[in-house]
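Asker: quick one: sequence and predicted model below, then my questions.
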Amino acid sequence: MSESSGGKRLIIVGSIIVGILIVILLVVWFLSKRKPTYVSYDKAIDTMQRAAAKYYDRNNDKLPVEDGDYILSYETLVSANLINPLNELLVDGNTCNAHIIVTNKSNFYTYTPYLNCENGYKTVELYKVLTAEDNIVTSGKGLYKDENGEYYFRGDVSNNYIKLGRTSYNKEEVDNIWRIMGIESDNTIKIRKVYPTNSSYVWDDRYNEEASRAYGYNKFELSKIKDIFEKLETSGYVLTKEYRNKIVAKKLCIAPRKTDDTTKDGSTECATLSEKEYNFGVIAPYEFMRASLDENCKNTLSRSCANYNYLATSQQVEWLVTPSTESSYQVYAFDGNTFDYKRTSSSNYLYLTTHLSDKVLFNSGSGTLEDPYTVR
C-alpha cells in the first residue's frame, strides 16, 4: 500500500473520530439544555411576580376592569412561555401548587404570587404572622386584640419594626424603618415612619378673619397640609416605587378633639373623615393614648401618656390633623411626649403613617430593630 493511500485512510479515520466527538458534544449540550435549572423558593416567587407583570404587559386587554382581586393561574403563564412548569422550576415542584392574585384598585394593579408545597413551604401574608395566637397578649406590653377584631400594640414594645427598603434622611441613605401600630379589621397594617420628613411644613397660613391675621384655618379640606399629603404620595423619600404598590389609601380622621377628652377608641377624631383617601397621614391623639400602659393616661394632655409607650420617641415637633375646639386657627401638635395646640401658620414636621395591603407577604425578620420584618 502506497504512502498516499495510507495517509488518506488516516484522514478518513480522524474525520470519523472528530465527527463522533462532535455528535457526543451536541448530545451532551442538548441534554444539558433540557435538564431543569432549579431555583430557591424565594427566587421562584420573584419569577412568578415578574412573569405575571410581563403577561399583562403583552395582554393589556386581559387586565381586570373592575376593582377587586382576581386569580391568574400558573398554567396560563406556562402556556405563554413566561415561566417553566413547577417541576422544572423547583426540586419538589411536583408537590407544589401556585397561582397569582391580581388586585385592581382604581386601575392600579398589583401581582401577589402564592406558592404552597407539601414539604411545608407556604407563602403567608404578614398580617397572619403578626396576629398568630401566640403573639396576642391581654396584659403588659405587646399586641392586643379588641372587641371589633382589630389589633394594636401597647407599651414599650421593641418587636414591631419593619423595613421597607432604603430612604434619604438628613442627606444620608438609611434603612427605611417604620413601626407597626396595629392591624385593622380589613387586615391592612398601619405603620408609622420612625424618621420625620426632611422638611417642616406650614399647616395653613391664609388670612384668618377671626384673628385678623394670616394665621390660617384649621379646616383640613381647605388646608395647605392636605396638598402636602398629596405631593408626598409620589415622593421617593417616603417609599420607593418598589414599595408604593404595597400600600393602600384610606380616609383620614379629621374631627376636632377637646383637651379634656378621655376617649381612646377613635370615636372623637374619626367622627369626621376626609372626603378622599390618602396614601399617607399622621397619628391621632387617641392612638398615642391607647398605646400607653400607664393608668394615669386619662385625657389628651396627660403627661403620663408618654410612659410605657413605644410611640413616645419623636425628636421633632410634628403636626396632627386634629383641630382645636377653641379657635379656628389652632391644630394639635405632638412633641413626642405631650400634645398641645399650635397656630396653623407655624411650621412643623410630619411623622407619616400609611397602611400596608393585606396582600403583603412576609419575607423575613423577627420585628426587632436589629432584625426588622421585611416583606415581598
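Answerer: Here it is on my side, so go on. As the structure is a computational prediction, the values presented were derived from the model and not from experiment.

Asker: all contacts plus neighbour counts: C-alpha atoms, from now on.
Answerer: Fine.

Asker: ranges for the helices of the stretch 201-350 of the chain?
Answerer: For the stretch 201-350 of the chain, applying DSSP state H, counting those that start in this stretch gives helices covering 224-232, 241-244, 285-291.

Asker: how near is residue 149 to residue 268?
Answerer: Computed with Cα to Cα, to the nearest Å, the distance linking residue 149 and residue 268 is 20 Å.

Asker: between those two, which has more neighbouring residues?
Answerer: The neighbour count for residue 149 versus residue 268, taken as other Cα atoms under 10 Å, is higher for residue 268 (21 against 12).

Asker: contacting residues around that one?
Answerer: Under the criterion of Cα atoms under 8 Å, 6 or more residues apart in numbering, the neighbours of residue 268 are 255-257.

Asker: which strands and helices sit next to whichever strand in the chain runs longest?
Answerer: Of all segments of type strand in the chain, defined using DSSP state E, the longest is strand 172-183. With contacts defined as 3 or more Cα pairs under 8 Å, 6 or more residues apart in numbering; DSSP states H and E, the secondary structure elements packing on strand 172-183 are strand 151-154, strand 161-169, strand 189-193.

Asker: ok, and what's touching it?
Answerer: Under Cα under 8 Å, 6+ apart, the answer for strand 172-183 is 127, 143, 150-153, 160-168, 189-195.

Asker: on that earlier part again, give me whichever of the helices of the stretch 201-350 of the chain is most buried.
Answerer: Each of these was scored by mean neighbour count; the highest is helix 285-291, a mean of 24, by mean count of other Cα atoms under 10 Å.

Asker: tell me the mean pLDDT over that helix?
Answerer: Here helix 285-291 scores 97 as its mean pLDDT.

Asker: and the contacts of stretch 273-286?
Answerer: Taking contacts as Cα under 8 Å, 6+ apart, the residues outside stretch 273-286 that touch it are 192, 220-221, 229-230, 232-233, 247-255, 263-266, 269, 300, 319-322, 339, 350-355.

Asker: if we use 7 Å, what do you get?
Answerer: Where contact means Cα atoms under 7 Å, 6 or more residues apart in numbering, the residues beyond stretch 273-286 that reach it are 229, 233, 248-254, 263-266, 300, 320, 322, 351-354.

Asker: which of those residues are buried?
Answerer: By the neighbour-count criterion of 16 or more other Cα atoms under 10 Å, the contacts of stretch 273-286 include these buried positions: 229, 233, 248-254, 263-264, 300, 320, 322, 351-354.

Asker: dump the helices and strands packed on strand 172-183 to TSV, plus distance to residue 22 and mean neighbour count.
Answerer: Conversion of the helices and strands packed on strand 172-183 to TSV gives the following (distance: least, Cα to Cα, whole Å; neighbours: other Cα atoms under 10 Å):
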stretch	distance to residue 22	mean neighbour count
strand 151-154	67	24
strand 161-169	50	19
strand 189-193	61	22
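
Asker: could you tell me the least trusted of those strands?
Answerer: By mean pLDDT, the lowest-scoring of the helices and strands packed on strand 172-183 turns out to be strand 161-169, with a mean of 91.

Asker: hey, C-alpha coordinates of it in PDB?
Answerer: Extracted C-alpha coordinates of strand 161-169, given in PDB (Å, rounded to 0.1, in the frame of the first residue of the first chain):
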ATOM      1  CA  TYR A 161     -40.200  47.300  63.500                       C
ATOM      2  CA  ILE A 162     -40.500  46.900  59.700                       C
ATOM      3  CA  LYS A 163     -38.000  47.800  57.000                       C
ATOM      4  CA  LEU A 164     -39.200  49.000  53.600                       C
ATOM      5  CA  GLY A 165     -36.100  49.400  51.500                       C
ATOM      6  CA  ARG A 166     -33.900  52.500  51.900                       C
ATOM      7  CA  THR A 167     -34.600  56.200  52.100                       C
ATOM      8  CA  SER A 168     -32.800  59.500  52.400                       C
ATOM      9  CA  TYR A 169     -32.700  61.300  55.800                       C
END
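
Asker: which secondary structure elements does that strand sit against?
Answerer: strand 172-183, strand 374-375 (3 or more Cα pairs under 7 Å, 6 or more residues apart in numbering; DSSP states H and E).

Asker: among those, which comes closest to residue 25?
Answerer: Distances from residue 25 to each of these were compared by Cα to Cα, and the smallest falls on strand 374-375, at 44.7 Å.

Asker: quick check: neighbours of that closest one in the sheet, parallel or antiparallel?
Answerer: Here strand 374-375 has these sheet partners by DSSP bridges: strand 362-364 (antiparallel).

Asker: and the contacts of stretch 273-286, which of them are in strands?
Answerer: Residues of the contacts of stretch 273-286 located in strands (DSSP E): 248, 320, 322, 353-354.

Asker: of all pairs in the residues you listed, which one spans the longest distance?
Answerer: Greatest spacing in the ones in strands among the contacts of stretch 273-286, by Cα to Cα: 248 and 322 (21.6 Å).

Asker: coming back round to it: I'd like the contacts of residue 268 laid out as CSV, including neighbour count, pLDDT and distance to residue 238.
Answerer: As requested, those are arranged in CSV below (neighbours: other Cα atoms under 10 Å; pLDDT from 0 to 100; distance: Cα to Cα, whole Å):
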residue, neighbour count, pLDDT, distance to residue 238
255, 22, 98, 26
256, 21, 97, 27
257, 22, 97, 28
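
Asker: out of those, flag the one nearest to residue 40.
Answerer: Using Cα to Cα, residue 255 comes nearest to residue 40 of these, at 49.8 Å.

Asker: good, we can wrap up now.
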